[in-house]
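Trainee: Below is the structure, and that's it, no one-letter string:
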């Protein structure tokens, strides 16, 4: 199975890398992000100091994760909310379905949530006869196309305006030359009714605030506020690593998330929800549930060296600067979390055996670490993942034999020098052409190795 996933990744990556139209769309969108990001980060008086402080807060939180999660649960339940602890995706899905059965619910509206993508909640609900409606515009577009998110922040980044206009024309009979504004208004017209008729609203959360028992949701469209205001039941699915100690920490994390995610000083809507509505309140759900999702996160937590992968605030900045992501795109990864941070955490969330190849899908240029708002040393973590895959003996037997032979040879100079340039070039052309030479020129070995040439040089010099 592991080999099949890895082979598919290489095949898809090769195809996508030479798709010029795809590259044009992605480059255009990332160029716009880069311009906005440069402007947004300049608003910080001392960005590096802010990142260092965020790293320290997340370090303290993850090192004391059990305490902060219990604090959150105690305060959230005191406010009338209910907390469900889910060990894995199946448990999360079944617990959510119990809520549907309890309320005899048949309609649901969702706002953008990577955690629900992770547990494949839409697919599960569809099999149960429920039609989940995504209300984030990007998520709604890819739902219509039956695609998975391409990027955590901009899930439809891979689509051009012309492609979206064609989709809306086919689905809703809008003009083929519709503008972005016209398409947005059409989506608003369709979705507004869904908010008022849905029995259950489902969201994620960007942060869990331990000292107040609140969830914090950041968005630009207002769909999360509508999703949590009209339905009688609100379910938030949140990874356990999203907790932060204090409400005061949002003063740092909200601007960092906005600037690194979209280049804004602050996103348009930042909402705090601390439980179901009170008697004197007019808006909000009558019942509110928070599903605290583990689903492999404690596998990352137990890795002392790679634990900082849990600091991630899902801004997507590392994807936008990664040369690998820019060339192969988001769908190629076959995981919920793509790009450098996905390559770091996915092998632990989904299985090192199946996804170890992602840790090798990096140039190790360090740009991901440079832009990370919480100073995760991503390229170092990827190297540690590679180390773990070797120590766990997960490489195919043929690969292990090849490296064993290579290690034996390079440790003994006489074996390197024993073969001349012709023999080395023969091995290169016949054994490495497919792996290394499809799209590049293979190196030509000289007839004599450098060591031999150096010895001859020294002998001639001494004469």
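Mentor: Arrived safely. On a predicted model such as this, the values are computed, not experimentally measured, just so you know.

Trainee: Next up, the contacts around residue 117.
Mentor: With contact set as CB atoms under 8 Å, 6 or more residues apart in numbering, residue 117 has these partners: 148, 149, 336. Just so you know, the C-beta spots here come from the backbone N, C-alpha and C atoms, and that holds for glycine as well.

Trainee: Top of those residues by number of neighbours, please.
Mentor: Within the contacts of residue 117, most neighbours by other CB atoms under 10 Å means residue 149, with 24 neighbours.

Trainee: quick one: buried residues of the longest helix that the chain contains?
Mentor: With secondary structure taken from DSSP state H, the chain has its longest helix at helix 20-41. If you call a residue buried by 16 or more other CB atoms under 10 Å, then helix 20-41 has these buried ones: 22, 25, 26, 29, 30, 33, 37, 40, 41.

Trainee: Which secondary structure elements does that helix sit against?
Mentor: helix 250-262, helix 317-321, helix 323-328 (3 or more CB pairs under 8 Å, 6 or more residues apart in numbering; DSSP states H and E).

Trainee: contacting residues around that helix?
Mentor: 16, 47, 154, 157-160, 258-260, 262-265, 317, 320, 326-327, 329.

Trainee: what do you get for stretch 48-60?
Mentor: When contacts are defined by CB under 8 Å, 6+ apart, stretch 48-60 is touched by residues 44, 244-245, 249, 252-253, 255-256, 308, 310-311, 313, 372-376.

Trainee: Identify the residue nearest the geometric centre of this structure.
Mentor: For the chain, the residue nearest the mean C-alpha position is residue 337 (2.6 Å; CA atoms, centre = their mean).

Trainee: Just to check, that residue is in contact with residue 346?
Mentor: Yes: with contact defined as CB atoms under 8 Å, residue 337 reaches residue 346; the gap is 5.9 Å.

Trainee: Which helix or strand lies directly C-terminal to the longest helix of the chain?
Mentor: Downstream of helix 20-41, the first helix or strand assigned by DSSP states H and E is helix 47-63.

Trainee: mean confidence for that next one?
Mentor: In this model, helix 47-63 carries a mean pLDDT of 97.

Trainee: Tell me the buried residues in that helix?
Mentor: So, applying 16+ other CB under 10 Å, buried residues of helix 47-63: 50, 51, 53, 54, 55, 57, 58, 59, 61, 62.

Trainee: List phi and psi for residue 234.
Mentor: The phi and psi values for residue 234, taken as degrees, to the nearest 10, are phi -120, psi 130.

Trainee: Neighbours of it, how many?
Mentor: What residue 234 shows, counting by other CB under 10 Å, is a neighbour count of 26.

Trainee: sec struct for the residue found closest to it once you drop the neighbours it is linked to in the chain, please.
Mentor: Leaving aside its sequence neighbours, residue 234 sits nearest to residue 285 (CB to CB, 6 or more residues apart in numbering; 3.9 Å). The three-state label for residue 285, taken from DSSP: H, G, I helix; E, B strand; the rest coil, comes out as coil.

Trainee: Please list all residues in contact with residue 285.
Mentor: Here residue 285 is in contact with 201, 228, 231, 232, 233, 234, 276, 277 (CB under 8 Å, 6+ apart).

Trainee: Out of the helices and strands in this protein, which is least certain?
Mentor: helix 433-436 (a mean of 68; mean pLDDT, DSSP states H and E).

Trainee: moving C-terminal of it, what's the next helix or strand?
Mentor: helix 450-462.

Trainee: Now name the helix or strand holding the closest residue to residue 230 other than its chain neighbours.
Mentor: Leaving aside its sequence neighbours, residue 230 sits nearest to residue 195 (CB to CB, 6+ apart; 4.7 Å). Element membership for residue 195 (DSSP H and E) is helix 180-197.

Trainee: buried subset of the contacts of helix 20-41?
Mentor: Here, 16+ other CB under 10 Å leaves 16, 154, 157-159, 258-260, 262-264, 317, 320, 326-327, 329 buried among the contacts of helix 20-41.

Trainee: Could you tell me how many residues sit around residue 457?
Mentor: Counted with other CB under 10 Å, residues neighbouring residue 457 total 10.

Trainee: now the one 3 residues further on
Mentor: If you count neighbours by other CB under 10 Å, residue 460 ends up with 8.

Trainee: for residue 386, same thing?
Mentor: Each residue near residue 386 was counted by other CB under 10 Å, and the total is 15.

Trainee: That one reaches residue 360, doesn't it?
Mentor: Yes: counting by CB under 8 Å, residue 360 is a contact partner of residue 386 at 6.5 Å.

Trainee: for residue 275, helix, strand, or coil?
Mentor: Using three-state DSSP, the structure places residue 275 in coil.

Trainee: correct me, but it touches residue 83?
Mentor: No: counting by CB under 8 Å, residue 275 does not reach residue 83; the two are 10.7 Å apart.

Trainee: Find residues that contact each of those two.
Mentor: In contact with both residue 275 and residue 83: residue 76, using CB under 8 Å, 6+ apart.

Trainee: Where does residue 272 fall, secondary structure wise?
Mentor: Residue 272 is part of strand 269-273, with elements assigned from DSSP H and E.

Trainee: Show the pLDDT at the nearest residue to residue 329 once chain neighbours are set aside.
Mentor: In space, not counting the residues next to it along the chain, residue 329 is nearest to residue 16; the distance is 5.1 Å by CB to CB, 6+ apart. Confidence at residue 16, expressed as pLDDT, is 91.
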